[in-house]
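> sequence? don't have it. structure:
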Ligand SMILES: Nc1nc2c(c(=O)[nH]1)N[C@@H](CN(C=O)c1ccc(C(=O)N[C@@H](CCC(=O)O)C(=O)O)cc1)CN2
């Protein structure tokens, strides 16, 4: 049996369609959402992601600024730019593309972004609000995972979700969001004993472990929903998820591919967060 494919591309297009409608309504009120993206250094993948963010802004009618800075930019200069953007009225959202060069302290930069403009949802205040269940800007990839599951018509309430991976940007926040949807959540990580046995108990398996094709069919209960957050560049240049898609799709229920699954949702949820930040900024949300 071959599983249904959950297409992040298709869901992204749907969401971007409704964002475009809201942007038109805001324009009639004189409001244009504004996003500033800051990129330091020459990482080729980061340049592609930033170009795609710039294009998404253009396509949706947002005001966009991209600050491409040399790799030797000092932390002080980067913090000064963040401070300027924090005070710039045309900017509703600020995103500093990660990873940053090694001489820059990522935490110091994230902490410097105004909480209301933190469209990445990485600021400790936004993370804290996520933990206690208060309203906040949600991190884009985890929010995209939940949106994909919901829009595939899958209810999470009462389901057993197993999250493989405990990173601050995916594993931890996605487990909190799954709990918010009333799933019962188990987290696994590199030191978990009997991981396959635990994973096989999942109704919904979310994988963000950063190891190409690591999860094979022996980790999956027949019919389980499988969401692959992995993005691993192979030596042959191809992109692979953390899930061995070809073997897993033979036993799983609905499953996301890589590419074309969670990845496209990251930028779409960034656009959604920027819209939310703009509405709040102008007292419209
Ligand atoms: N400040 C941030 N930095 C980074 C984030 C983030 O959310 N905030 N996430 C990633 C990179 N990223 C966005 O920045 C991102 C990664 C992947 C995709 C995507 O669409 N992937 C495609 C495949 C693209 C390819 O071929 O390389 C897919 O999976 O289909 C979008 C955004 C790290 N940095």
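Great, that's in hand. Note that the coordinates shown come from a computational prediction; the quantities given were computed from them, not determined experimentally.

> Could you list every helix and strand in contact with the helix or strand hosting residue 83?
Counting by DSSP states H and E, the element that carries residue 83 is helix 75-86. Applying 3 or more C-beta pairs under 8 Å, 6 or more residues apart in numbering; DSSP states H and E, one finds that helix 75-86 makes contact with strand 34-40, strand 63-69, strand 93-96, helix 106-112. All C-beta spots, glycine's among them, are computed from the backbone N, C-alpha and C.

> what's the distance between residue 274 and the ligand?
Remark: distance between residue 274 and the ligand (C-beta to the nearest ligand atom, to the nearest Å) = 13 Å.

> burial of that residue, as a residue count?
Counted by other C-beta atoms under 10 Å, the residues lying close to residue 274 total 30.

> Which phi and psi values does the closest residue to the ligand within the stretch 151-285 of the chain adopt?
With C-beta to the nearest ligand atom, the shortest gap between the stretch 151-285 of the chain and the ligand falls at residue 263, namely 2.0 Å. Residue 263 adopts backbone torsions of phi -50, psi -60, taken as degrees, to the nearest 10.

> got the contact list for it?
Listed by C-beta atoms under 8 Å, 6 or more residues apart in numbering, the contact set of residue 263 reads 8, 231.

> how about the helices and strands packed on helix 75-86, which one is nearest the ligand?
Using C-beta to the nearest ligand atom, the helices and strands packed on helix 75-86 put strand 93-96 closest to the ligand, at 5.2 Å.

> by contact count, what packs against that closest one?
strand 34-40, helix 75-86, helix 262-281.

> Buried residues, the second one. List them.
This points to helix 75-86. For helix 75-86, the neighbour count (16 or more other C-beta atoms under 10 Å) marks 75, 78-79, 81-82, 85-86 as buried.

> before we move on, what about stretch 14-27?
Per 16+ other C-beta under 10 Å, stretch 14-27 contains these buried residues: 15-16, 19, 22-23, 26.

> Could you list the residues in contact with it?
With C-beta under 8 Å, 6+ apart as the test, stretch 14-27 has contacts from 32-33, 56, 59-62, 147, 151, 268, 271-272, 275, 278-279, 282, 284.

> ok, of those residues, which come out buried?
Listed as buried from the contacts of stretch 14-27 are 33, 56, 60, 62, 147, 268, 271-272, 275, 278-279; burial here means 16+ other C-beta under 10 Å.

> Pipe the residues you listed into TSV and attach pLDDT per row.
Listed next are the buried ones among the contacts of stretch 14-27 as TSV, based on pLDDT from 0 to 100:
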residue	pLDDT
33	98
56	98
60	98
62	98
147	98
268	98
271	98
272	98
275	98
278	98
279	98
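
> I'd like to know which of the residues you listed is nearest to residue 43.
If you rank those by distance to residue 43 using C-beta to C-beta, residue 56 comes first, at 19.3 Å.

> got a list of what the closest one touches?
When contacts are counted by C-beta under 8 Å, 6+ apart, residue 56 touches 16, 62, 267-268, 270-271.

> How is residue 135 assigned, secondary-structure-wise?
Following DSSP: H, G, I helix; E, B strand; the rest coil, the label given to residue 135 is coil.

> my guess is residue 222 contacts residue 251, does it?
Yes. Between residue 222 and residue 251 there is a contact under C-beta atoms under 8 Å: 5.1 Å.

> more crowded one of those two?
When residue 222 and residue 251 are compared for neighbours, residue 251 comes out ahead with 20 against 11, by other C-beta under 10 Å.

> got a pLDDT number for the more buried one?
Residue 251 carries a pLDDT value of 98.

> Now for it, which secondary structure element holds it?
Per DSSP H and E, there is no helix or strand for residue 251.
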